[in-house]
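> Generate coordinates for the sequence data below:
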Amino acid sequence: MELVPKIKVDGVKEFEFTKRDFDRVRAMIYRRAGISLNESKQEMVYSRLARRLRATGIASFADYLDRLEKGRDPEEWVAFTNALTTNLTSFFREAHHFPVLAEHILHKEHVSIWCSAASTGEEAWSIAMTACEAFGKMTPPVHVVASDIDTNVLATAQAGVYPMDRLDKMPTDRIKRFFQKGRDGNQGMVRVRPELHALVTFRQINLLADEWKIDGPFDAIFCRNVMIYFDKPTQQRILNRFAPLLKPHGLLFAGHSENFLHVSARFKLRSNTVYEMVSQGEAGNGLSLRA
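Numbers count the residues shown, from 1 in each chain. Sure thing, here's the model as predicted:
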């Protein structure tokens, strides 16, 4: 639940937040992470960044943004980006994707999957559980790389510890197979089992970075509910960088409100929000393939 901005007794916000401040934030987060903020996000931006002003002891948004732009505090750049990154996820979200993934990887000798916006880890663990179930064992020939720009959520993901109520919609037999229940002071919590944890590697990756420190090719890439925050040119650049990282006919999993067909000719629709990478010959005279 999003906290409301702290308000003084006279009804004035704790910090002055001008249109110029908001426009600077929009430009900075776009350059940093490719996120396009529309005018309706002003209160959200104020609420989240006001916390950073309190944490740093800086008295104004103008001074805070000056400090970032002058490059005096690289760690605060990370905190700034983390504050403005929206992380909404759950186990087996958009459940129709996982049977498609299971069918795609079954019978392969070595499987590599990139979960490119892992958030707090539920998506990556769902992928790993799907792999175990597809191969019928806890040690399938599968490796999942889970990445995110937000270092805070990655720490949660790597720990693999969650409140028990996050599993409310998960079948009991799946919970018993893949999670350990907390005891004593950890009652009400669960942890992914070590065998599942061994299938996933976590790392920070900014999809807007000039270089991705990641090696393909992958059988599948999950990039769900991320592109909606990018404008069309940014979407095209990312998709055209995904394509050579996929194996022939590799799959790209998108979010329920995302449509990539009008953005890149390197993909064709395979199933509901599941795209298949096509060869350059198959792509024909589509959009430019330059990243």
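
> so where does the closest residue to Leu167 other than its chain neighbours fall, helix or strand?
Nearest residue to Leu167 in three dimensions, chain neighbours excluded: Ile175, at 5.4 Å (C-beta to C-beta, 6 or more residues apart in numbering). Backbone N, C-alpha and C define where each C-beta goes, glycine included. Using DSSP states H and E, Ile175 maps to helix 172-178.

> Next secondary structure after that helix?
strand 179-181.

> which strands and helices sit next to that next one?
With contacts taken as 3 or more C-beta pairs under 8 Å, 6 or more residues apart in numbering; DSSP states H and E, strand 179-181 sits against strand 189-192.

> for the strand it packs on, the distance to its chain's centre please.
Its chain's C-alpha centre and that of strand 189-192 lie 21 Å apart, by C-alpha atoms, centre = their mean, to the nearest Å.

> Repeat that for stretch 82-100.
Relative to where its chain is centred, stretch 82-100 has its mean C-alpha point 8 Å off (C-alpha atoms, centre = their mean).

> which residues of the protein fall in helices?
For the chain, the helices defined by DSSP state H cover 19-33, 42-56, 61-69, 74-84, 97-105, 122-135, 151-159, 172-178, 194-197, 232-242, 280-283.

> Which of those helices sits closest to Gly185?
With C-beta to C-beta as the measure, helix 151-159 is the member of the helices of the chain nearest Gly185 (15.5 Å).

> ok, and what's touching that closest one?
Under the criterion C-beta atoms under 8 Å, 6 or more residues apart in numbering, residues 78, 82, 85, 87, 118-121, 124, 146-148, 191, 202-204 lie in contact with helix 151-159.

> wait, which of these is closest to Gly34?
Looking across these and measuring by C-beta to C-beta, the closest to Gly34 is Thr85, at 11.0 Å.

> how far away is the residue nearest to that closest one when sequence neighbours are not counted from Arg174?
Sequence neighbours aside, Asp150 is the residue nearest to Thr85 in space, at 4.6 Å (criterion: C-beta to C-beta, 6+ apart). Applying C-beta to C-beta, to the nearest Å, the value for Asp150 to Arg174 is 27 Å.

> In terms of secondary structure, what does the helix holding Ile175 contact?
Going by 3+ C-beta pairs under 8 Å, 6+ apart, helix 172-178 lies up against helix 122-135.

> what's the model's confidence in the helix it packs on, averaged?
Averaged across helix 122-135, the pLDDT comes to 97.

> who's in contact with His104?
His104 neighbours (C-beta under 8 Å, 6+ apart): 219-220, 251.

> And for Ile29?
Contact partners of Ile29, counting by C-beta under 8 Å, 6+ apart, are 35, 37, 80-81, 84.
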